[in-house]
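**Student:** Please work out how this folds:
(chains A, B and C)
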Amino acid sequence: MPELPEVETVRRGLAVTMEGRVLQSVVKNRPDLRFPFPDRFVQRLTGQRVDRIERRAKYLLIALSSGEVLGAHLGMSGRFIVTPVSSPGRNATAAEVWPPEAAYDTGAVSNRSHDHVIFTLDSGDVVTFNDPRRFGYMFLESSAALSSSKHLAALGPEPLSDEFNPSSLARALESKRTPIKAALLDQRVVSGLGNIYVCEALFRSGISPVRSAHTIKGVRAERLVLAIKRVLDEAIEAGGSTLRDYIHTDGGMGYFQHRFAVYGREGETCPECTCDTVIKRIVQSGRSTFYCARRQR
DNA sequence: ACGAGAACCTGTTTGC
DNA sequence: TGCAAACAGGTTCTCG
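**Tutor:** Residues are numbered from 1 along each chain as shown, chains lettered A, B, ... in the order given. Next comes the predicted model:
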């Protein structure tokens, strides 16, 4: 579900609610998500203060006063929902007020049986992790060991950082014969991109998704890097893209889906071509790719 | 060693 | 209308 802009939007929502607060109670409703929860998960979290919430690629990193960091990946359908103590129904128990009205309104929350972890803060606010498909997961790691931990160690540069630039991208791609579409989904090349924003960035840069990755250098690398940074910036600004599962922590929607040029637009006319070229959908390594065969070479 | 495809799960949409 | 197949924002494992 969520790519970098969606995870960043969730991070901002959680930071407002959780930073500086103490985890008064933690309820875990099953032994595992995609992976088993860490040993003594509830005990290691209960009573900890949340110092800071950061993001690395698509991971949320919740730094605790114990010196440990709670990492969370949303997979395809994971979401955090905040039920404020001041919301309507505040006199009800936490279990009775979730999910908030806005989540009902979007239709994005369909089943309480997928509430896997419920955090109650000392403010009274309740933060719930819900994930129908259970591709999401959580882990705990000491702050010092975090960057070399299993899940984070191999990640490529943050696309919005200066470490991600035309020459670093060209270097990462020079040995790859796979199509550029697949290479950009490889989190070791650049971290945080997913199917939507790869399609959109390739369109903006005029690069064909089937082009061999190693041919991206020079001007093409410059155009691609710029397109990736811009599309991510714009999507974060719009609060991400809400298609099916993804919603904000307050149940609200992102708006960037209205600005997709190609994603999900098979058969529609290309927004940049003046002729009547239509957007094509192909399948690459099992995932849909949308592009304009005339404009993208 | 690399790359394509399957697998992991549930829910929703599409097609016969 | 009803049921089955296809599809979904991600990652990881297996196989050729």
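
**Student:** From here on, just use CA atoms for contacts and neighbour counts.
**Tutor:** Will do.

**Student:** isn't residue A:65 right up against residue A:49?
**Tutor:** Yes: at 5.1 Å, residue A:65 counts as touching residue A:49 under the criterion of CA atoms under 8 Å.

**Student:** out of these two, which sits in the more crowded spot?
**Tutor:** Between residue A:65 and residue A:49, counted using other CA atoms under 10 Å, the more crowded position is residue A:49 (21 against 15).

**Student:** Just the mean pLDDT for stretch A:170-182, thanks.
**Tutor:** The pLDDT scores in stretch A:170-182 average 97.

**Student:** And for that stretch, what's in contact with it?
**Tutor:** Applying CA atoms under 8 Å, 6 or more residues apart in numbering, the external contacts of stretch A:170-182 come out as A:183, A:189, A:198-199, A:202, A:208-218, A:221, A:284-285, A:289.

**Student:** Just the buried subset of the residues you listed, please.
**Tutor:** Neighbour counting over the contacts of stretch A:170-182 (16 or more other CA atoms under 10 Å) leaves A:183, A:189, A:198-199, A:202, A:208-217, A:221, A:289 as the buried ones.

**Student:** Filter those residues down to just the ones in helices.
**Tutor:** Counting by DSSP state H, the part of the buried ones among the contacts of stretch A:170-182 found in helices is A:183, A:198, A:199, A:202, A:221.

**Student:** closest to residue A:126 among these?
**Tutor:** Comparing these against residue A:126 with CA to CA places residue A:198 closest, at 34.3 Å.

**Student:** Please tell me how far whatever residue of the stretch 1-150 of chain A ends up closest to DNA strand B sits from residue A:226.
**Tutor:** Closest to DNA strand B within the stretch 1-150 of chain A is residue A:133: 3.7 Å, counting by CA to the nearest atom of the strand. Residue A:133 sits 34 Å away from residue A:226, going by CA to CA, to the nearest Å.

**Student:** cool, residue A:256 as well?
**Tutor:** Separation of residue A:256 from residue A:226 (CA to CA): 18 Å.

**Student:** do the same with residue A:242
**Tutor:** Taking CA to CA, one finds residue A:242 at 24 Å from residue A:226.

**Student:** cool, residue A:138 as well?
**Tutor:** Distance check for residue A:138 against residue A:226: by CA to CA, it reads 32 Å.

**Student:** can you check residue A:56 too?
**Tutor:** 20 Å.

**Student:** now do residue A:246
**Tutor:** Distance from residue A:246 to residue A:226, by CA to CA: 26 Å.

**Student:** ok, the two, which is more surrounded?
**Tutor:** A direct count of neighbours by other CA under 10 Å for residue A:246 and residue A:226 places residue A:246 higher, at 26 against 18.

**Student:** Look at that one and give its secondary structure.
**Tutor:** When classified by DSSP: H, G, I helix; E, B strand; the rest coil, residue A:246 comes out as coil.

**Student:** And the pLDDT for it?
**Tutor:** Reported pLDDT for residue A:246: 79.

**Student:** do the same with residue A:91
**Tutor:** Residue A:91 is given a pLDDT of 41.

**Student:** ditto for the one 5 residues further on
**Tutor:** Residue A:96 carries a pLDDT value of 43.

**Student:** now do the one 3 residues further on
**Tutor:** pLDDT recorded at residue A:99 is 46.

**Student:** Spatially, which residue comes closest to residue A:188, not counting chain neighbours?
**Tutor:** Sequence neighbours aside, residue A:156 is the residue nearest to residue A:188 in space, at 4.3 Å (criterion: CA to CA, 6 or more residues apart in numbering).

**Student:** Contact partners for that neighbour?
**Tutor:** Contacts for residue A:156 (CA under 8 Å, 6+ apart) come out as A:187, A:188, A:189, A:190, A:191.

**Student:** Would you check that residue A:194 makes contact with residue A:5?
**Tutor:** No: the pair residue A:194 and residue A:5 does not pass the contact test of CA under 8 Å, sitting 10.1 Å apart.

**Student:** of those two, who's got more company?
**Tutor:** Set residue A:194 next to residue A:5 and count neighbours by other CA under 10 Å: residue A:5 wins out with 27 against 19.
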